[in-house]
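K.L.:
Build me a model from this:
(one chain, ligands or ions: 2)
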Amino acid sequence: MHLLRNNSDLHEPYTMLRTYVERDMDTLPEKFWENLKALKAAAVSEKNQTFAKTIWCLETAGKVQDYFITAFTLCRQDNFYGGWCYFERCEIQLASLDRHFREEDSEFGLNFIREHYPRFQFLFPYRLFISPGFIVKEARCSICDEVIKLRGGCGHIKGEIYDGELCVWKITGADFLEVSLVENPVQKYSVVFPQDGSYNYALIKYVVDGLRSPWHAWDYDRIMIETDEPLYPGVGQNEQCPCGSGNEFRLCCINKRKFREHYQVFFSVPPPKELPNYVPTADYRIPNKRYLPNRNK
Ligand SMILES: [Zn+2]
Ligand SMILES: [Zn+2]
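P.N.:
Ligands and ions are numbered 1, 2, ... in the order given. Sure, this is the predicted structure:
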């Protein structure tokens, strides 16, 4: 949809959303939310659906910015799981916004966030999640609170905006089935933690400490590096090779070595000099200009 850009009431919220680079690690002020709330109430009482929907888009863009900044801040404070949850919130808000509004260039930084939150997510050590299985018995429309039926429901469409609010289905009755461990869950909050709680956050820490601002672009390359360790230790020269070739080990994989992951992190702005190089698997280079966020909007 096209946002109502020329409406003078929206000038201030627009300006706040556009100056995200200057705000750096500050979330939007309370004034931003109060202002939009009041404008939305007025739009709804005047039955101005277009204006109410524009305000919902601005509110959601603001949430995306705030969640991204909060995720970054929490990781800086070594609250990595907290940061993880905010990156997930960021992803969910972006997904509901996509259907209604796509920014051009980097007006609100949404495309910057869209590129960067998956990079952060990838560097987290979480790979397994708990996924509850259940059968939904009753769901209600978030707009009118009517029970969702297969035919002839309330008429509200899930994902649409009514009076400036997103229509979702609220689950009000469900039969619990089982819990499974999955690699690609619908939502990523339910992280499986090892009993000793020992996840290695060195990579994510390296990145957040290396970035002077959440709005500085960065990227990584994952490469495999050959180590000195033999790929199949303890196999006798004349035994069959463990690779399954059917050949003797000495004629097959005897000289093969193990590989390990190595991350090369690229920062658009050089990290602080005092940043210790404490991650042996990460180093940095300055990439070309294409990673720099566009500030001339
Ligand atoms: Zn409804
Ligand atoms: Zn072999």
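K.L.:
helices and strands around the helix or strand hosting F122, which ones?
P.N.:
In this structure, F122 sits in helix 110-123 according to DSSP states H and E. In terms of contacts (3 or more C-beta pairs under 8 Å, 6 or more residues apart in numbering; DSSP states H and E), helix 110-123 is packed against helix 49-76, helix 80-98, helix 202-210, strand 218-230. Backbone N, C-alpha and C define where each C-beta goes, glycine included.
K.L.:
pLDDT on the helix or strand just after it, on average?
P.N.:
Tracing the chain past helix 110-123, the next element assigned as helix or strand by DSSP H and E is strand 129-141. Throughout strand 129-141, pLDDT has a mean value of 87.
K.L.:
same question, stretch 255-267
P.N.:
Averaged across stretch 255-267, the pLDDT comes to 84.
K.L.:
Report the mean confidence score over the helix holding F122.
P.N.:
94.
K.L.:
can I get the CA coordinates of it in CSV?
P.N.:
Provided in CSV are the C-alpha atoms of helix 110-123 (Å, rounded to 0.1, in the frame of the first residue of the first chain):
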residue,chain,number,x,y,z
LEU,A,110,13.7,-2.3,7.3
ASN,A,111,15.7,-3.7,4.4
PHE,A,112,18.8,-3.4,6.4
ILE,A,113,17.2,-5.3,9.3
ARG,A,114,15.8,-7.9,6.8
GLU,A,115,19.4,-8.5,5.6
HIS,A,116,21.0,-8.5,9.0
TYR,A,117,18.7,-10.4,11.5
PRO,A,118,19.2,-13.7,9.7
ARG,A,119,23.0,-13.2,9.9
PHE,A,120,22.8,-12.7,13.7
GLN,A,121,20.5,-15.7,13.9
PHE,A,122,22.9,-17.9,12.0
LEU,A,123,25.8,-17.1,14.3
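K.L.:
Three-state assignment for the residue located most distally from the centre of the chain, please.
P.N.:
Most distant from the centre of the chain: N238, at 51.1 Å, with distances by C-alpha atoms, centre = their mean. With DSSP: H, G, I helix; E, B strand; the rest coil as the basis, N238 sits in coil.
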